[in-house]
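A.B. asks: Could you look at this predicted model? Sequence included:
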Amino acid sequence: MSKRVLLTGVSGFVGQHCAVELLKNGYIVRGSIRNLSKEQEVREGITKVIDAENNLEFCQLDLLNDKGWDKAMEDCDYVLHVASPFVIAEPKDENDMIKPAVEGTLRALKAAKKAGIKKVVLTSSTVAMAGDKKKNHLTQESWTNSKTDKVSAYMKSKTLAERAAWDFYKNQDSSSKMELTVINPGPIYGPTLTGDLSGASMSMIRDIITGKVPMLPNANYVMSDVRDIAQIHVQAMENDQSNGQRFIVTSEKPYSFLGVASILKENGYEKANPKKAPSFMLKFLSIFSSEMKGMLPFVDSMVSADISPTKNTFNWQPIPFEKTIVDTAKSIQPLL
């Protein structure tokens, strides 16, 4: 009999790809969405890639509301908690982002524990590891210092949510231990399934290939392919070696946003021709733009990572970054 997985945030970019990966591997997927009006759009996006037959069902859950969580967990073996608020724009009140991230994570973990779920795989981010330093080499032990004023609300939300998850895991009643694995991706690219380009990385690629971006910040960061992230989420569920660990799922080396534009130009996207934006200009613009303020912590950064534990535990090789960027652009092109 197929195992059932509760996948929170199935309507999001990572959530959709996790659903595809789960279905490919023979699981029944119960995907949670905040609003059931999105069900048809999400189902169509997923079934473009794989025939879901009767193995894809939906439920309604809210990160800030207890309603429906216990029922959603019924008959499930595992939980992939992917749902999280993500907005690059800096909110007026940072708690608008932090509260749903932390409370939603704890709500998912408590409901999973109560239901006797074997294991939760949680989506975190490399910003929970590198948020407060411009130059950084990330390892499984890296943590962002969320108490400095250098970190954005998004970085803080990811850091505090992941810390809350590990605290819950370590302090749980050990008579029936629920396992936890955390996945930490960088900026995420890859093909869109539903045509939703509202995410920061996707909208950036769209704006580069249409020539709407004259300048890009000087930032070098390890990047991620959504298909790699989905693959590692699913493998982590049943891989006991991953229990109690966090895994960086990114490229081997850092890439710059200007490097992304160069890849696109080399592959025939002639309008992809942005210049490097001077840092002082970005700092000035951040006074007027909440999006730019959210980007400031990344400006002039050089962030690399040790992904060898991920490669060794899952026998995994990241998709080449050039392929990631070209596949992303190809999926966006018909939507322009």
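C.D. replies: Here it is on my side, so go on.
A.B. asks: Counting neighbours, what do you get for the nearest residue to Gly9 once chain neighbours are set aside?
C.D. replies: Leaving aside its sequence neighbours, Gly9 sits nearest to Ala83 (C-beta to C-beta, 6 or more residues apart in numbering; 2.9 Å). Bear in mind the C-beta positions are built from the backbone N, C-alpha and C, glycine included. By other C-beta atoms under 10 Å, the residues close to Ala83 number 27.
A.B. asks: and if you look at Val299?
C.D. replies: 17.
A.B. asks: Do I have it right that it meets Asn220?
C.D. replies: No - if you go by C-beta atoms under 8 Å, Val299 and Asn220 don't touch, sitting 10.8 Å apart.
A.B. asks: Ser125 contacts Pro187, correct?
C.D. replies: No - using C-beta under 8 Å, Ser125 is not in contact with Pro187, being 9.3 Å away.
A.B. asks: More neighbours: those two, which one.
C.D. replies: Taking neighbours as other C-beta under 10 Å, Ser125 and Pro187 compare with Ser125 leading, 26 against 21.
A.B. asks: Does that one belong to a helix, a strand or coil?
C.D. replies: Secondary structure, DSSP: H, G, I helix; E, B strand; the rest coil: Ser125 is coil.
A.B. asks: Could you measure from it over to Thr47?
C.D. replies: Distance, Ser125 to Thr47, using C-beta to C-beta, to the nearest Å: 28 Å.
A.B. asks: repeat for Thr148
C.D. replies: Distance from Thr148 to Thr47, counting by C-beta to C-beta: 45 Å.
A.B. asks: higher neighbour count, those two?
C.D. replies: Set side by side, Thr148 and Thr47 show more neighbours around Thr47, with 16 against 12, by other C-beta under 10 Å.
A.B. asks: And what about the residue located most distally from the centre of the chain, helix, strand or coil?
C.D. replies: For the chain, the largest distance from the centre (C-alpha atoms, centre = their mean) belongs to Ser175, which lies 31.8 Å off. The three-state label given to Ser175 by three-state DSSP is helix.
A.B. asks: Residue ranges in the chain under the pLDDT threshold?
C.D. replies: 1, 85-89, 131-134, 280-298 (pLDDT under 70).
A.B. asks: can you map out the helices along the stretch 151-300 of the chain?
C.D. replies: 153-171, 200-209, 226-238, 257-266, 279-285, 290-295 (DSSP state H, counting those that start in this stretch).
A.B. asks: Out of the ones you listed, the one nearest Pro334 is which?
C.D. replies: Closest to Pro334 of these is helix 200-209 (C-beta to C-beta; 11.8 Å).
A.B. asks: Alpha carbons only: can I get that closest one in CSV?
C.D. replies: Extracted C-alpha coordinates of helix 200-209, given in CSV (Å, rounded to 0.1, in the frame of the first residue of the first chain):
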residue,chain,number,x,y,z
ALA,A,200,12.0,36.8,-6.4
SER,A,201,14.3,34.5,-8.5
MET,A,202,11.7,33.8,-11.2
SER,A,203,10.7,37.5,-11.6
MET,A,204,14.4,38.4,-11.8
ILE,A,205,15.0,35.9,-14.7
ARG,A,206,11.9,37.3,-16.5
ASP,A,207,13.1,40.8,-16.1
ILE,A,208,16.6,40.0,-17.3
ILE,A,209,15.5,38.2,-20.5
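A.B. asks: who's in contact with it?
C.D. replies: Outside helix 200-209, the residues that touch it by C-beta atoms under 8 Å, 6 or more residues apart in numbering are 13, 86, 88, 187-189, 192, 196-197, 212-213, 216, 257, 260-261, 264, 269, 271-272, 274, 325, 328-329, 332-333, 335-336.
A.B. asks: repeat for stretch 299-313
C.D. replies: Under C-beta under 8 Å, 6+ apart, the answer for stretch 299-313 is 126, 130, 134-140, 186, 217-222, 232, 239, 241-242, 245, 247-250, 252-254, 279, 282-283, 316-318.
A.B. asks: CA atoms only for it - export them in PDB, please.
C.D. replies: Backbone C-alpha positions of stretch 299-313 (Å, rounded to 0.1, in the frame of the first residue of the first chain) are rendered in PDB as follows:
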ATOM      1  CA  VAL A 299      24.900  43.300  -1.700                       C
ATOM      2  CA  ASP A 300      28.700  42.700  -2.000                       C
ATOM      3  CA  SER A 301      28.300  39.200  -0.500                       C
ATOM      4  CA  MET A 302      30.500  36.200  -1.300                       C
ATOM      5  CA  VAL A 303      28.900  33.100   0.100                       C
ATOM      6  CA  SER A 304      30.200  29.600  -0.600                       C
ATOM      7  CA  ALA A 305      29.100  26.300   1.000                       C
ATOM      8  CA  ASP A 306      30.300  22.800   1.800                       C
ATOM      9  CA  ILE A 307      27.800  20.500   0.100                       C
ATOM     10  CA  SER A 308      29.800  17.300   0.600                       C
ATOM     11  CA  PRO A 309      27.600  15.900   3.500                       C
ATOM     12  CA  THR A 310      24.600  16.300   1.100                       C
ATOM     13  CA  LYS A 311      26.400  14.600  -1.800                       C
ATOM     14  CA  ASN A 312      27.600  11.700   0.400                       C
ATOM     15  CA  THR A 313      24.400  11.100   2.300                       C
END
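A.B. asks: Thanks a lot, catch you later.
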